[in-house]
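S.K.: Give me coordinates for this.
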Amino acid sequence: MSTSTTTTDKVARYRERMRAAGLRPVQFWVPDTRSAEFMARVREQCQRLSGDPQEEQALGFAQAAVEHIEGWE
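M.R.: Numbering: from 1, shown residues only. Below is the predicted model of the structure:
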């Protein structure tokens, strides 16, 4: 038995167990945070927000939310 067949069988059995437990697979696509394009967009958006009156309010909200997460520093 080849490795790919063994791996394929393991994946199939795992999926069977998950479905038997009432679960179904879902695939999510999210931005690649490692890409240069993503970093450029984040940088641009941050620069546009700099000095905006709502920036301080948003940062305050984020800080307050973080304080409710145990172990967050």
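S.K.: Quick check: the gap between Cys46 and Gln63.
M.R.: 16 Å (CB to CB, to the nearest Å). For glycine as for every other residue, the C-beta is placed from the backbone atoms N, C-alpha and C.
S.K.: likewise Leu49?
M.R.: Leu49 is 16 Å from Gln63, by CB to CB.
S.K.: contact partners of the helix or strand harbouring Glu37?
M.R.: Glu37 belongs to helix 36-49 when assigned by DSSP states H and E. Around helix 36-49, the neighbours that count as contacts under CB atoms under 8 Å, 6 or more residues apart in numbering are Pro31, Asp32, Glu55, Ala58.
S.K.: May I ask which of the residues you listed has the most neighbours?
M.R.: Glu55 (13 neighbours; other CB atoms under 10 Å).
S.K.: State the three-state secondary structure for it.
M.R.: Three-state call for Glu55 (DSSP: H, G, I helix; E, B strand; the rest coil): helix.
S.K.: Would you quantify the distance from the closest residue to it other than its chain neighbours to Glu67?
M.R.: Nearest in space to Glu55, with sequence neighbours left out and distances taken as CB to CB, 6 or more residues apart in numbering, is Leu49 at 5.0 Å. Counting by CB to CB, the gap from Leu49 to Glu67 is 22 Å.
S.K.: what are the ranges of the strands in this structure?
M.R.: With DSSP state E as the criterion, the chain has no strands.
S.K.: Let's check: the centremost residue of it is which one?
M.R.: Centroid-nearest residue in the chain, with CA atoms, centre = their mean: Val30, separated by 6.7 Å.
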